[in-house]
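In: sequence? don't have it. structure:
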């Protein structure tokens with residue numbers, strides 16, 4: 001392993017954090033939400049109808065905080081570190097006093113009140129956008145001269161913001177070849193972006209009260225969105241005078257699940273039983289599923305494209321495929337546009353969709369702050385990779401001073417306060433070289449002290465690569481992958497125990513849980529085993545460098561707000577040697593690659609390294625003198641048995657991990673979902689069988705079937721739904737037909753599936769000996785020549 005120095009690094013156990021698990025649980029409950037849809041964005045697409053149930057699952061489990069508490073924390077985010085604590089603690093009260101004249105004075109104050117009164121008089125939602133935008137923009141102009149000690153003064157530069165009506169304009173964005181189309185009601189953009197979109201002959205402020213004229217906005221230019229709901233036609237007018245001591249009649253929160261009917265659960269329109277289907281019959285529920293699949297949990301962590309760049313194809317083949325993809329994309333865009341014009345979903349879900357777009361538009365975005373306006377109440381929503389925080393509502397008509405403080409904060413926020421990472425995106429859309437300053441730890445003569453030397457690692461991420469894998473969603477690891485070039489990392493000496501001769505690198509950006517042992521620490525143990533065990537050597541990923549970004553913990557805001565920070569996440573980057581997906585292989589070459597990873601996994605398990613997330617995207621490889629060397633990839637959900645037994649308050653090795661379509665049937669039942677089933681070796685052994693089956697039925701000659709793919713519906717359901725579909729699949733197994741290039745491999749899969757079927761019911765006890773499971777579930781069904789590694 002290489003640490004910041006590029007040299008061998010000792011294992012340093014991550015300090016255990018409170019896992020938050022009740023003592024009686026053997027595992028954490030299943031993760032749900034948009035992370036599920038992002039795992040297979042190439043197949044599911046990003047249509048509202050396809051993804052809204054998963055977004056709904058994310059936002060329903062929000063945490064609550066008071067509006068004043070959030071405003072205070074947002075003000076503190078805008079201050080310098082040198083501001084005395086006593087002065088920080090009074091920022092909110094000081095700001096309320098500072099904006100009061102804009103609520104009660106003449107001139108701008110009266111103009112703001114006039115637009116708010118017109119807002120109250122509107123009988124419908126859409127006409128009210130203009131009044132809201134005009135009131136907000138007049139307020140921003142007045143706030144330019146407001147100064148609060150410790151808060152940056154107003155700057156007329158590229159950070160200057162403006163509210164802008166967006167509906168009915170559409171905002172498009174690409175997600176791994178698939179285009180999303182959204183229509184937020186009101187957006188906050190830079191003054192420059194608003195100027196570029198303004199109507200000819202009008203001022204920027206006048207144009208902002210109408211939809212963009214010249215060109216639609218891009219998500220990279222959108223700071224935040226305001227989603228409106230207006231069930232009440234006429235609202236109480238503003239009071240004659242405001243004061244800063246407004247008493248909230250009732251603390252209000254939006255309760256999404258109580259207001260939604262039906263609940264935000266994906267529907268399963270395909271009957272669980274019925275006539276047997278062949279492998280080329282497509283179910284009704286997946287008609288809108290897109291045509292490519294990398295079969296990845298967070299995107300393939302090493303560019304697991306189903307069509308890698310090193311495959312040789314004729315010019316005619318490429319042109320034909322390009323035309324096909326263009327026609328399919330045009331058809332999908334038409335469907336997306338029609339869907340975007342349908343009646344609106346619940347504003348909480350709509351808001352979540354816009355937040356997912358804002359996350360996806362930026363590299364390593366740390367958080368998103370968004371807003372929902374329900375009648376005359378505005379709700380602040382904080383999103384990061386841990387979970388959602390909803391603030392109590394602010395009545396911006398009756399309690400204008402607090403709304404003014406919010407606008408003041410938004411005006412003074414820099415890019416970092418909006419959530420952009422200062423290193424990866426010092427300004428929106430930045431795509432230049434990134435320089436990471438690292439500390440090199442070298443032991444001095446006094447071994448109790450360490451001298452620290454700074455080092456710069458240059459990174460140039462390829463944002464335009466077709467192999468780039470982005471994330472669409474709200475919570476979770478949010479893994480993003482880029483091809484990367486680095487002079488510093490390329491100059492590092494190669495470690496002799498790694499066999500890959502590739503010079504190509506891939507950067508993995510992700511948000512793992514802080515309570516988990518880190519992936520670099522786990523890989524250090526894996527590399528020790530690889531030096532001693534031939535079944536592991538050459539079959540694990542080569543980590544070139546990693547870095548943890550201190551100060552990005554999602555626990556920081558929660559501690560400040562007094563919210564439980566259990567499950568907090570932090571940003572990491574790891575650079576690996578590039579790998580290619582096993583799905584590009586066929587015939588015996590594929591079966592041998594699969595088998596070698598099975599053996600690698602077994603050897604690691606015996607030595608205490610438990611992978612626990614077997615899926616097609618985690619079986620990769622590289623070519624070594626013409627031979628495909630398969631690799632067990634992605635150890636960020638793995639665990640080390642020795643570490644688990646010593647970490648009293650950390651994860652105990654029983655977390656529910658895995659990618660649902662490939663998880664054992666025994667982990668897709670209510671007890672496991674509730675966290676009462678320990679993850680065992682046979683669970684991973686079963687996952688290998690499902691992976692083998694998946695690829696045999698869906699890939700032909702190294703390419704994903706474009707039409708009539710079986711098993712797509714496994715991706716559209718939750719854990720229980722997947723259990724039903726897999727059980728039904730086993731019952732009609734003989735009707736399944738593999739693709740031509742995997743005929744013989746499917747014979748092996750059939751024998752292995754027979755074992756799963758045998759132990760699926762309640763009447764057969766699964767062997768307690770892992771070696772028996774390895775032999776009877778896997779090894780005994782593999783042809784002798786493959787076991788010996790003798791293939792043509």
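Out: Now that the structure is in, tell me what you want to look at. Just so it is clear, the model here is predicted, and its values are computed rather than measured.

In: confidence score at the most centrally placed residue in the chain?
Out: Nearest to the geometric centre of the chain sits residue 478, at 2.8 Å (CA atoms, centre = their mean). pLDDT recorded at residue 478 is 91.

In: for it, which non-adjacent residue is closest in space?
Out: Nearest residue to residue 478 in three dimensions, chain neighbours excluded: residue 471, at 4.5 Å (CB to CB, 6 or more residues apart in numbering). Where C-beta positions appear, they are placed from N, C-alpha and C, glycine not excepted.

In: the one you found: neighbouring residues, count only.
Out: When neighbours are counted by other CB atoms under 10 Å, residue 471 registers 27.

In: tell me if I am right that it is in a strand.
Out: No: assessed with DSSP: H, G, I helix; E, B strand; the rest coil, residue 471 is coil; it does not lie in a strand.

In: check what pLDDT it gets.
Out: Reported pLDDT for residue 471: 83.

In: would you confirm that it contacts residue 479?
Out: Yes: Residue 471 is within contact range of residue 479, at 6.1 Å (criterion: CB atoms under 8 Å).

In: where's residue 348, which helix or strand?
Out: Per DSSP states H and E: residue 348 is located in helix 347-360.

In: which strands or helices does the helix or strand following that helix pack on?
Out: Counting by DSSP H and E, the next helix or strand C-terminal to helix 347-360 is strand 368-374. Applying 3 or more CB pairs under 8 Å, 6 or more residues apart in numbering; DSSP states H and E, one finds that strand 368-374 makes contact with strand 222-229, helix 347-360, strand 377-383.

In: and residue 626, how many neighbours?
Out: Neighbours around residue 626, by other CB under 10 Å: 5.

In: ok, it - contacts?
Out: Counting by CB atoms under 8 Å, 6 or more residues apart in numbering, residue 626 touches no other residue.

In: tell me the confidence at it?
Out: 93.

In: for residue 609, see how far away residue 600 is.
Out: 10 Å (CB to CB, to the nearest Å).

In: all strands of the stretch 501-650 of the chain, in order?
Out: 505-510, 543-548, 572-577, 580-581, 609-610, 619-624, 627-632, 639-640 (DSSP state E, counting those that start in this stretch).

In: swap in the stretch 1-150 of the chain?
Out: Using DSSP E, counting those that start in this stretch, the strands of the stretch 1-150 of the chain run over residues 63-65.

In: hang on, the earlier thing: and the angle for the helix holding residue 348 with strand 377-383?
Out: Calculated by axes from the mean of the first three to the mean of the last three CA atoms, to 10 degrees, helix 347-360 forms an angle of 40 degrees with strand 377-383.

In: for this protein, give me the ranges with low pLDDT.
Out: 1-50, 257-344, 441-452, 642-657 (pLDDT under 70).

In: max-length strand in it?
Out: In the chain, assigned by DSSP state E, the strand with the most residues is strand 450-461.

In: okay, the angle between the helix or strand following that one and strand 505-510?
Out: Sequence order places strand 480-485 as the next helix or strand after strand 450-461, per DSSP H and E. Computed with the same axes, to 10 degrees, the direction of strand 480-485 lies at 150 degrees from that of strand 505-510.

In: residue 586 against residue 695, yeah?
Out: No: here residue 586 does not reach residue 695: they are 9.4 Å apart, not a contact under CB under 8 Å.

In: wait, what's in contact with residue 696?
Out: By CB under 8 Å, 6+ apart, residue 696 lies in contact with 738-739, 742, 745-746, 749.

In: secondary structure element holding it?
Out: Per DSSP H and E: helix 681-698 holds residue 696.

In: tell me which residues of that helix are tucked away?
Out: Using 16 or more other CB atoms under 10 Å as the test for burial, helix 681-698 gives 681-698.

In: likewise stretch 189-209?
Out: Neighbour counts over stretch 189-209 (16+ other CB under 10 Å) mark 189-191, 193-194, 196-198, 204-205, 207-209 as buried.

In: could you do stretch 453-472 as well?
Out: By neighbour count with 16+ other CB under 10 Å, stretch 453-472 contains the buried residues 457, 459-461, 467-472.

In: what do you get for stretch 109-118?
Out: So for stretch 109-118, counting by 16+ other CB under 10 Å, buried means 109, 111-113, 115-116, 118.

In: stretch 769-781 too?
Out: For stretch 769-781, the neighbour count (16+ other CB under 10 Å) marks 770, 773-774, 776-778, 781 as buried.

In: cool, and stretch 468-487?
Out: With burial defined by 16+ other CB under 10 Å, the residues of stretch 468-487 counted as buried are 468-486.

In: same check, this time on stretch 712-732
Out: 712-719, 721-723, 725-726, 728-729.

In: surely residue 159 and residue 190 touch.
Out: Yes: under the criterion of CB under 8 Å, residue 159 makes contact with residue 190 at 7.3 Å.

In: tell me, how many residues neighbour residue 616?
Out: 28.

In: so it touches residue 590, yeah?
Out: No: when contacts are counted by CB under 8 Å, residue 616 is not listed as touching residue 590 (11.2 Å).

In: could you tell me which residues touch both of those two?
Out: With CB under 8 Å, 6+ apart, residue 616 and residue 590 have common neighbours 582, 695.

In: so who does the residue nearest to residue 692 when sequence neighbours are not counted touch?
Out: With CB to CB, 6+ apart as the criterion, residue 692 has its nearest non-adjacent residue at 4.7 Å, and that residue is residue 749. By CB under 8 Å, 6+ apart, the contact set of residue 749 is 689, 692-693, 696, 738.

In: could you find the closest non-adjacent residue to residue 619?
Out: residue 582 (4.4 Å).

In: residues contacting that neighbour?
Out: 590, 593-594, 597, 616, 619-621, 630, 695.

In: repeat that for 6 Å
Out: Shown in contact with residue 582 (CB atoms under 6 Å, 6 or more residues apart in numbering): 593, 619, 621.

In: write the ChimeraX selection for whichever of those are buried.
Out: One line in ChimeraX is enough to select the buried ones among the contacts of residue 582; burial here means 16+ other CB under 10 Å:
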select :593,619,621
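
In: for the stretch 151-300 of the chain, what spans make up the helices?
Out: Per DSSP state H, counting those that start in this stretch, the stretch 151-300 of the chain carries helices over the ranges 191-196, 204-208, 256-259.

In: contact partners of the second one?
Out: So the one you mean is helix 204-208. Helix 204-208 is contacted by residues 133, 137, 162, 164, 194-195, 198-199 when judged by CB under 6 Å, 6+ apart.
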